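A.B. asks: I'd like to go over a predicted model; first the sequence, then the structure.
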Amino acid sequence: MNATPAIDICHHMPDRRLVRLVQHDMRRFVLVVLLSVAAACGGSKKSPTEPTPGPGSGPAPDPGVVARTLVSWGNVPAPGGALSVFFEVADHTGASKSYPLGAAVGSCGVIAAQGADTISALRCESGGVGFEFRAVYRTQIIVLRRAVDPSDNPDDVELSFQEILRVDVPAGSKVGAAQ
């Protein structure tokens with residue numbers, strides 16, 4: 001069988017220009033698709049490199065910690081011999097804010113924190129009577145207060161705290177007591 005007559009028939013068709021145009025557009029389309037796929041792949045992925053501290057610098061910061069928040073207690077003399085107690089929060093930028101907690105009588109001192117989520121504790125008392133403050137962290141810093149009395153039942157101490165303040169901290173912040 002001879003294929004030449006079929007080719008001659010195709011060459012003599014009136015819409016031969018249209019066929020060439022379609023073939024040319026298809027080539028262009030295929031070329032665009034191939035280039036798009038090649039550009040999307042972009043070659044091999046590079047593994048992230050961790051910065052290394054230079055000479056004289058401290059340890060590299062923990063990449064999981066976004067910010068650091070430090071808490072502390074303070075007091076200033078108030079009229080009538082009392083102390084005005086406040087709670088101070090310092091963020092990773094160095095900015096600090098004080099929150100007044102009220103008046104207390106006697107002397108105040110930081111005490112050992114009790115409880116897994118307790119950051120810091122303060123006790124202000126005179127003659128066994130006064131207040132105990134605790135700062136706990138549960139996605140927010142929560143300040144608790146309870147009245148201290150020599151007749152307190154040790155079994156009821158944990159249940160006698162009342163919330164007096166909430167402070168928002170950045171998500172992922174490492175919260176601790178200032179030294």
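C.D. replies: Nice, I can see it. Source: prediction; values computed, not measured.
A.B. asks: please make it C-alpha for all contacts and neighbour counts, starting now.
C.D. replies: Fine.
A.B. asks: can you count the residues close to S98?
C.D. replies: 15 (other CA atoms under 10 Å).
A.B. asks: mind checking the backbone torsions on it?
C.D. replies: Backbone dihedrals for S98, given as degrees, to the nearest 10, come out at phi -100, psi 140.
A.B. asks: that one and F86 touch, don't they?
C.D. replies: Yes. With contact defined as CA atoms under 8 Å, S98 counts as touching F86 (6.3 Å).
A.B. asks: avg pLDDT for stretch 149-167?
C.D. replies: Within the predicted structure, the mean pLDDT of stretch 149-167 is 90.
A.B. asks: any buried residues in that stretch, and which?
C.D. replies: Within stretch 149-167, the residues that count as buried by 16 or more other CA atoms under 10 Å are F161.
A.B. asks: which residues sit against that stretch?
C.D. replies: L101, G128, V129, G130, Q140, I141, I142, V143, L144, R145, R146, A147 (CA atoms under 8 Å, 6 or more residues apart in numbering).
A.B. asks: which two in the residues you listed are spaced the farthest apart?
C.D. replies: The span of these, defined through CA to CA, is set by G128 and Q140 at 30.8 Å.
A.B. asks: name the residue in the two with the higher neighbour count.
C.D. replies: Neighbour count, other CA under 10 Å: between G128 and Q140, Q140 has more, with 16 against 12.
A.B. asks: so the more buried one touches V169, yeah?
C.D. replies: Yes. Using CA under 8 Å, Q140 makes contact with V169 at a distance of 5.9 Å.
A.B. asks: all strands of this structure, in order?
C.D. replies: Ranges of strands within the chain are 68-77, 83-90, 96-104, 107-111, 118-126, 129-137, 140-148, 162-168, 174-177, based on DSSP state E.
A.B. asks: low-confidence ranges, this protein, go.
C.D. replies: Across the chain, the ranges flagged by pLDDT under 70 are 1-26, 30-65.
A.B. asks: OK, contacts around the residue nearest to V143 when sequence neighbours are not counted?
C.D. replies: Counting by CA to CA, 6 or more residues apart in numbering, V143 lies nearest to A135, which is 4.5 Å off, once chain neighbours are set aside. A135 sits next to T118, I119, S120, A121, I141, I142, V143, L144 when contact means CA under 8 Å, 6+ apart.
A.B. asks: just the buried residues of the contacts of stretch 149-167.
C.D. replies: The buried subset of these - by 16+ other CA under 10 Å - is L101, V129, G130, Q140, I141, I142, V143, L144, R145, R146, A147.
A.B. asks: got a list of what R68 touches?
C.D. replies: Counting by CA under 8 Å, 6+ apart, R68 touches D91, H92, S173, K174, V175, G176.
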